[in-house]
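S.K.: test case, fold it:
(one chain, ligands or ions: 2)
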Amino acid sequence: MSFSVYLTNWSSPGLRGPGDPFGIMRRPRSFEVEASAGTVRNLCPAAVDLDDMRAGRIEIEEYRRRFESGVARIGLAPGELVYVGTDGKMGTVLDGDSLLCACSVAAALLGRCHRTYAAGLLAAAGWSVVVDGYRLEPCSAGPCEGCGGRGWTGEHPYLNPSQRSLI
Ligand SMILES: [Zn+2]
Ligand SMILES: [Zn+2]
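M.R.: Numbers count the residues shown, from 1 in each chain. Ligands and ions are numbered 1, 2, ... in the order given. I've put the predicted structure just below:
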């Protein structure tokens, strides 16, 4: 059985999955908190990294490197990814749920949003991921030559540098 998770923004309902919406934002606005079923804290960016990126103190690749090194790899797999609900109770993200932030689809496709990086990590951890309409599938051989060491296959304008001409 494959477990699908969908990553996009709050304002793109057509790109979400059929399940519950969870936030992956460090500083969500109140309406985003109210619209969510909870927050997946392991996939929220660090405040200092967000600030450095927005102020132009670091390049986007450094922002990505910091995010990827900050995410705990334990607990990323289907059945293990934990959210904290708006009622404070913990649960696991299920097949069909969505992980949402506020960045535009255009920015995310250019790699200027951490949900794009999170998508690669989740696919490598065993999820079938749909990020802004692009599907990534876990590579059955794990990180290997065939998948370029990513641990997943699929096309994405930013995550596969060879596909960057798509945008
Ligand atoms: Zn974002
Ligand atoms: Zn592989």
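
S.K.: is it correct that G111 is in contact with I60?
M.R.: Yes. The pair G111 / I60 is scored as a contact, 5.8 Å apart, by C-beta atoms under 8 Å. (C-beta placed from N, C-alpha, C; glycine too.)

S.K.: who has more neighbours, those two?
M.R.: G111 (20 against 13; other C-beta atoms under 10 Å).

S.K.: please name the nearest non-neighbouring residue to that one.
M.R.: Y158 (3.6 Å; C-beta to C-beta, 6 or more residues apart in numbering).

S.K.: pLDDT wise, what is that neighbour at?
M.R.: We have a pLDDT of 93 for Y158.

S.K.: what sits against it?
M.R.: 109-111, 116, 164 (C-beta atoms under 8 Å, 6 or more residues apart in numbering).

S.K.: which SS class is the most far-flung residue of the chain relative to its centre?
M.R.: Here the centre of the chain is the reference, and by C-alpha atoms, centre = their mean the most remote residue is E145, at 23.5 Å. Look at E145: counting by DSSP: H, G, I helix; E, B strand; the rest coil, its state is coil.

S.K.: ramachandran angles for it?
M.R.: Main-chain torsions, E145, degrees, to the nearest 10: phi -60, psi -40.

S.K.: distance of it relative to R64?
M.R.: Note on E145: its distance to R64, by C-beta to C-beta, to the nearest Å, is 23 Å.

S.K.: partners of S128 in the sheet?
M.R.: Beta-bridge partners of S128, counted by DSSP bridges, are S4.

S.K.: count the neighbours of the residue lying closest to P18 once chain neighbours are set aside for me.
M.R.: Excluding the flanking residues, the one nearest P18 by C-beta to C-beta, 6+ apart is G96, at 4.7 Å. By the criterion of other C-beta under 10 Å, G96 has 14 neighbours.

S.K.: same question for R54.
M.R.: Going by other C-beta under 10 Å, the residues that sit close to R54 add up to 10.

S.K.: ranges for the helices of the protein?
M.R.: Taking DSSP state H as the test, the helices found in the chain are 30-35, 47-54, 60-70, 105-109, 114-124.

S.K.: what does the third one contact?
M.R.: If I follow you right, that is helix 60-70. Applying C-beta under 8 Å, 6+ apart, the contact partners of helix 60-70 are 45-46, 49, 52-53, 58, 111-112, 114, 117-118, 121.

S.K.: the first one now?
M.R.: Residues outside helix 30-35 that contact it (C-beta under 8 Å, 6+ apart): 10, 21, 23, 25, 86, 100, 102.

S.K.: could you list the buried residues of that helix?
M.R.: Buried residues in helix 30-35, counted by 16 or more other C-beta atoms under 10 Å: E32.
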